[in-house]
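> Model the structure of this input:
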Amino acid sequence: MIFTVTFNPSLDYIIGLDTFQEGAVNRSQWEHIFPGGKGINVSMVLKNLGVRNVALGFLGGFTGKEIQRMVNDFGCYTDFVKIKSGISRINVKIKSDKESEINGQGPSITKKEIKELFEKLDLIKSQDILVLAGSIPGTLPENTYENIMKHLEDRKIKIVVDATGELLLKVVKYKPFLIKPNKQELSEIFGVTVKNREDVILYAKRLQEIGAKNVLVSMAGEGAILIDENDNIHEMKAPTGLVKNSVGAGDSMVAGFIAGYLLNNDFEEAFRMGVATGSASAFSENLATQTEVLELLSILPKKEK
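Residues are numbered from 1 along each chain as shown. Reported below is the predicted structural model:
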């Protein structure tokens, strides 16, 4: 079974208008509301790919109820911790001649509610996959990722971490099965400017030396590079297409990698599926569907064996 954790889910309220005038009344031309959060995105894409999974995390208030309703209506299984105080955040995204975002802070989470999440994590079995994705809200301890991975350290659970900066760097010592930094995040982690494939490979291998088993680096339109635990380097250029939505593309790549790996434990197949799924979401207004992924997968080059 696959489990995803989203620590700070949201309702994403997306507004479209031709021009946005600061300090004036603006009227939207279209609006959409989606459940948001990196782990939730991974769960929804996995569902689209036919992979059963359970979404975990914290939800609160009327917004939390709506997030759960929407995720359940999508067809995903959920087992969220219901917090007693506050509401899950609302993120406002304005799409106009320029894009702007206002992200909510999220609710306060008590020690008792954190303990309840750990009790749910204790039900995860050996060889299951756990995805920890996204930032830690200010109301949680900064070492929450570390605490979870240390707690599960000896249980042979495959842990996937999609986080940034120090949050990612501090958990690599717990030997996550997969991490997925992008090129910019590699630069930030090591305090350098990662310019080309040689730099990507160099610093991805450094993350392996620290402890990560497999390092998948997304490079937007340039494609992606995977250094697998057998020290094989997999490279692929991004397929050609019109980018309509970059939100969720990285999460989709993670979901695609997991779905591909589950087919026969093959890293090359997982890599191809990850690239196809991330690109399919980027080329769509919504998260990638199985049909869109398979169409792109059919045109991606296969590595000769």
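
> Distance-wise, check the residue nearest to Ser96 when sequence neighbours are not counted relative to Lys98.
Closest residue to Ser96 apart from its sequence neighbours, by C-beta to C-beta, 6 or more residues apart in numbering: Phe20 at 4.1 Å. The way it works is simple: take the backbone N, C-alpha and C, and place the C-beta from them, glycine included. Using C-beta to C-beta, to the nearest Å, Phe20 is found at 7 Å from Lys98.

> Between the two, which has more neighbouring residues?
Per other C-beta atoms under 10 Å, whichever of Phe20 and Lys98 has more neighbours is Phe20, with 15 against 8.

> name the element the more buried one belongs to?
Of the helices and strands defined by DSSP states H and E, none includes Phe20.

> so what's it up against?
By C-beta atoms under 8 Å, 6 or more residues apart in numbering, Phe20 lies in contact with Asn26, Ile94, Ser96, Asp97, Lys98, Ser100.

> give the contact list for Thr6.
Gly37, Lys38, Gly39, Ile40, Ala55, Leu56, Gly57, Ala133, Gly134.

> The stretch 51-200 of the chain: strands as residue ranges?
For the stretch 51-200 of the chain, strands defined by DSSP state E, counting those that start in this stretch occupy the ranges 53-59, 77-78, 81-82, 89-95, 99-102, 129-133, 158-162, 178-179.

> looking at those strands, which is closest to Lys302?
Ranking the strands of the stretch 51-200 of the chain by proximity to Lys302 (C-beta to C-beta) places strand 178-179 first, at 21.3 Å.

> which residues sit against the closest one?
158, 160-162, 168, 172, 207, 212-216, 254, 257.

> ditto for stretch 105-121
Contacts of stretch 105-121 (C-beta under 8 Å, 6+ apart): 3, 5, 8, 10, 56-58, 60-61, 79, 81, 83-89, 130, 137-140, 144, 148, 151-152.

> go again using 6 Å as the cut-off
Applying C-beta atoms under 6 Å, 6 or more residues apart in numbering, the external contacts of stretch 105-121 come out as 8, 56, 58, 60, 79, 81, 83, 85-87, 89, 137, 139-140.

> of all these, which comes closest to Gly248?
Distances from Gly248 to those, taken by C-beta to C-beta, are shortest for Asn8, at 15.8 Å.

> Check whether the closest one really touches Pro137, as I assumed.
Yes: here Asn8 reaches Pro137: they are 4.2 Å apart, a contact under C-beta atoms under 6 Å.

> List the buried residues for the lowest-mean-pLDDT helix or strand in the chain?
None of the helices or strands of the chain scores lower by mean pLDDT, DSSP states H and E than helix 165-169, at a mean of 85. Under the neighbour-count criterion of 16 or more other C-beta atoms under 10 Å, helix 165-169 has Leu167, Leu168, Leu169 buried.
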